[in-house]
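Asker: coords please:
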Amino acid sequence: MKLILLIFHIYRLNFFNMLVKNKEFLEKINDDFEYIMVDEYQDSNKIQEKILLLISKTKKNICVVGDEDQSIYRFRGASSENILNFPKHFDEDECKIIILEENYRSVADIVEFNNKWITSIDWQANRFEKNIVSMRDKDILGKNVFHISGKTMDENIKNTVIFIKKLKQNNKITNYNQIAVLFSNFKNNSAKKLEVALKKENIEVYSPRTKVFFDMYEIKLTLGLILACFKKYFPEDSIDEYLTGCIDFARLEIKKDSEFLTWIKEKIENISEENFDSLNEIFYEFLNFTYYKNIIKEESPIDSRANHNLAILSKIFKSFQKYVHYKKITAEDDFSVVKYFFTGYLDILRDSRVDEIFSEEDYPNECIPFLTIHQSKGLEFPVVIVFSLNSKPNNYEDNDISRQTSIDRLINSSSKLSENDKEKFDFYRKFYVAFSRAKNLLVLSSYEMGVSENFKPFFYSVRGVNSLQFDINEVNLDEVSKKDERKILSYTTDIAPYRHCPMRYYLVREKEYATFSKKTLNLGIITHKAIEHINKLFLQKKNPILDDEYIENLLKNIYKFQNIDLDDNFERIISIVKKYIEEEKDNFEYIKKVEASEFRIEDDYILYGQIDLILEDENEIQIIDFKTGKYNEIEYSSNYRQQLSLYKLLLQKKYDKDIKTYLYYLEEDEPKKEIFITDEDLEEDFKNINKTTQDILDNKFPKIPYNHNICEICEFKNYCWGLE
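Answerer: Reported below is the predicted structural model:
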């Protein structure tokens, strides 16, 4: 892992050297970026700092945002000194420091506890002075930080489970996934013991760790089923112990389902005659069978977790396709793509960092997330229980040579701080991150002899939940049961797909199963990207020379960026772009916004629209939505009018001018089609949109009646209608 990190840093160093040695390149970069904003700046390293300062040197329009108290990635090369020393790179009064002291996440008691923790040591001027205050509702006052103890580890685990059950039984939480349990790492027995104890009470946990993920039954089974289909093409010595275990799982499962067994035997026998667009195409055929159908129905927390994991696996298969860039899985090359996935790519994944696979913030229904503190960074939970309180800062001898080869030493310039001071600061920042994940309730959990000296003053300063005097009703968690975040819904990614098929929407948007990459979509994607780029050039008043060479290079770069090979559409898109430039050359001066993001806030959701183009002149606003393909009046009236109606609704309060709406068919001789939308249309369309959003919020995801045109091209047709 250190070698991989070092390679990435070498790439950054090479880019920095290019900037230093090539003045023209640096000038172009400086010219291209009007403003630079960097988030999580406390996680940057010295090479990144040098790059950012170089490319912002001319205009000095740079804003960095970060919190040195949450700088916990020194082992990857990050340096908290970057944000602490940022003002020193500018002249006096050139850099404005804005201290953000309002906390909108945690209740007052938790914020005060965190303040005491982070200010309990001497930071030797390596911290900005600040006093964080809670901005949460003032009615949630009282004690919101507690500890759970026990004379032994087993007793502590038992008391923790009892407390968790009380939270649910007394309606302090509505779902077990509102609780997160954090550990410094999973090397200690406490995580395993707690998981076993919770399972005895029928409470499931979800641990997004790479090793755990690839050992889950549903993952090994699915990999085993796919591998079994192609096993005869694998050399005998290429099937390692892990893959053998996967195949064993597959054998056991299909014996329970005679229909599945018959199907898999036929699949294996005829596999040489088949070809597939992706591994997901094979995987989704399994959805016809009882085991997978039951998982998708999510009738238990175990099914919910399995469904979540299988969706992640589908995204892994899709990422593999982008990585290898294959077009077909076929017997013509002895299914080499499948062999590489199982004997190469899968090994890389199993050895990879967890955050390279798990990036989502949602967790399976009724499952308690078990996370490392590093995994939890950036997340928040109503209830957080922190273990690993036996931890203490590492202490090294001054002449410890082993520390000299760390990523920190290799990447960052030497610091005035001693290695022990760095370790101490890392320790207090790490647990500050842990404690600050909690919104409504923070609980420290440890057996009595397992509390280190660093934690004792804090552990015993808060009330214990397993004392006889403790009453669960003293815990004020009124907001936990409320939906405190409105769902953001857009017409193109939510409303229209839901109306197309609620079940497919559920699988793709709610459960995040990967879709197939369709070549027919490439035309629209690349054309839209090209038109967007052209419009932005004119919006920025750059007036480029849009000759044939420029357009061809633009499209090649878009193809490359989208990870798509040049195809038959290339020349067609060139013609479309040229035609658009010629026909709209007199209108570019009226461009107001390109890819404009607009919102409308409702009581329980937020409507979002991304408008392709907004034009403005003295008299009116024009909303333009680009389409490839041919104009169809019936299609526009049924599919597109409500989309434009929503866009008009989003802009009405912003502009006093008349707002007109257009569909722009890029390949038509007369591309611009005005769509007339009256106030009555707006009212009726919004009612329909609101009804659809309520169905989504109410989790109504029925199957549609079989429709050949829709169902036969759906990735999930086997789940709904079975195999042919």
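
Asker: quickly find the element holding Y432.
Answerer: Y432 is part of helix 419-435, with elements assigned from DSSP states H and E.

Asker: contact partners of that helix?
Answerer: Residues outside helix 419-435 that contact it (C-beta atoms under 8 Å, 6 or more residues apart in numbering): 68-72, 74, 80, 110, 113-114, 117-118, 120-121, 123-124, 126, 182, 184, 373-374, 376-377, 384, 386, 391-396, 398, 400, 403, 408, 415, 417, 442, 454. In this view, the C-beta of every residue, glycine as well, is placed from N, C-alpha and C.

Asker: helices and strands around the helix or strand following that helix, which ones?
Answerer: Following helix 419-435 in sequence order, the next helix or strand is strand 438-445 (DSSP H and E). Counting by 3 or more C-beta pairs under 8 Å, 6 or more residues apart in numbering; DSSP states H and E, the packing neighbours recorded for strand 438-445 are helix 108-118, strand 145-148, helix 153-169, strand 381-386.

Asker: now the helix or strand immediately after strand 438-445 in the chain: average pLDDT?
Answerer: Later in the chain than strand 438-445, the nearest helix or strand by DSSP H and E is helix 456-459. Computed over helix 456-459, the mean pLDDT rounds to 96.

Asker: same check on stretch 187-196?
Answerer: Throughout stretch 187-196, pLDDT has a mean value of 91.

Asker: contacts for it, please.
Answerer: Residues contacting stretch 187-196 (C-beta under 8 Å, 6+ apart): 153-154, 156-157, 160-161, 181, 183, 186, 205, 207, 370, 387-388, 390.

Asker: redo that, cut-off 6 Å
Answerer: 157, 183, 205, 387 (C-beta atoms under 6 Å, 6 or more residues apart in numbering).

Asker: nearest to Q652, of these?
Answerer: V205 (48.3 Å; C-beta to C-beta).

Asker: does the closest one sit in a helix, a strand or a coil?
Answerer: Assigned with DSSP: H, G, I helix; E, B strand; the rest coil, V205 falls in the strand class.

Asker: low pLDDT regions in the stretch 401-550 of the chain?
Answerer: Filtered on pLDDT under 70, the stretch 401-550 of the chain yields the residue ranges 401-415, 467-469, 476-485, 517-521, 542.

Asker: actually the stretch 101-250 of the chain, not the one I wrote
Answerer: 138-142, 210.

Asker: how about the helices of it, start to end?
Answerer: For the stretch 101-250 of the chain, helices defined by DSSP state H, counting those that start in this stretch occupy the ranges 108-118, 153-169, 189-200, 210-215, 217-230, 241-254.

Asker: try the stretch 251-400 of the chain
Answerer: Going by DSSP H, counting those that start in this stretch, the stretch 251-400 of the chain shows helices at 258-270, 279-285, 290-297, 301-324, 336-340, 346-350, 373-376.

Asker: tell me what the fourth one is packed against?
Answerer: Applying 3 or more C-beta pairs under 6 Å, 6 or more residues apart in numbering; DSSP states H and E, one finds that helix 301-324 makes contact with strand 204-206, helix 217-230, helix 279-285, helix 290-297.

Asker: rerun that using 8 Å as the cut-off
Answerer: Under the contact criterion of 3+ C-beta pairs under 8 Å, 6+ apart, helix 301-324 touches strand 204-206, helix 217-230, helix 279-285, helix 290-297, strand 367-372.

Asker: same deal with the first one?
Answerer: Taking 3+ C-beta pairs under 8 Å, 6+ apart as contact, the helices and strands that helix 258-270 lies on are helix 217-230, helix 241-254.

Asker: buried ones in stretch 253-263?
Answerer: Within stretch 253-263, the residues that qualify as buried by neighbour count (16 or more other C-beta atoms under 10 Å) are 253-254, 260, 263.

Asker: what about that stretch, how long is it end to end?
Answerer: With C-alpha to C-alpha, to the nearest Å as the measure, stretch 253-263 spans 13 Å from end to end.

Asker: relative to the whole chain's centre, how far out is that stretch?
Answerer: 36 Å (C-alpha atoms, centre = their mean, to the nearest Å).

Asker: now swap in stretch 456-476 and tell me
Answerer: Put simply, stretch 456-476 sits 35 Å off its chain's centre (C-alpha atoms, centre = their mean).

Asker: now do stretch 329-337
Answerer: Chain-centre distance of stretch 329-337: 33 Å, with C-alpha atoms, centre = their mean.

Asker: check which helix or strand covers I545.
Answerer: Per DSSP H and E: I545 is located in neither a helix nor a strand.

Asker: that older thread, let's have the helices and strands packed on helix 301-324 in a markdown table, adding mean neighbour count and distance to D93.
Answerer: Below are these laid out as a markdown table (neighbours: other C-beta atoms under 10 Å; distance: least, C-beta to C-beta, whole Å):
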| stretch | mean neighbour count | distance to D93 |
| --- | --- | --- |
| strand 204-206 | 22 | 50 |
| helix 217-230 | 22 | 57 |
| helix 279-285 | 21 | 57 |
| helix 290-297 | 17 | 60 |
| strand 367-372 | 24 | 42 |
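
Asker: in CSV: those, plus distance to N270.
Answerer: As requested, the helices and strands packed on helix 301-324 are exported to CSV (distance: least, C-beta to C-beta, whole Å):
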stretch, distance to N270
strand 204-206, 38
helix 217-230, 10
helix 279-285, 13
helix 290-297, 21
strand 367-372, 39
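
Asker: the residue lying closest to L646 once chain neighbours are set aside and I385, how far apart?
Answerer: Nearest-residue entry for L646: Y491, 5.1 Å, with adjacent residues in sequence omitted and distances by C-beta to C-beta, 6 or more residues apart in numbering. Y491 sits 41 Å away from I385, going by C-beta to C-beta, to the nearest Å.
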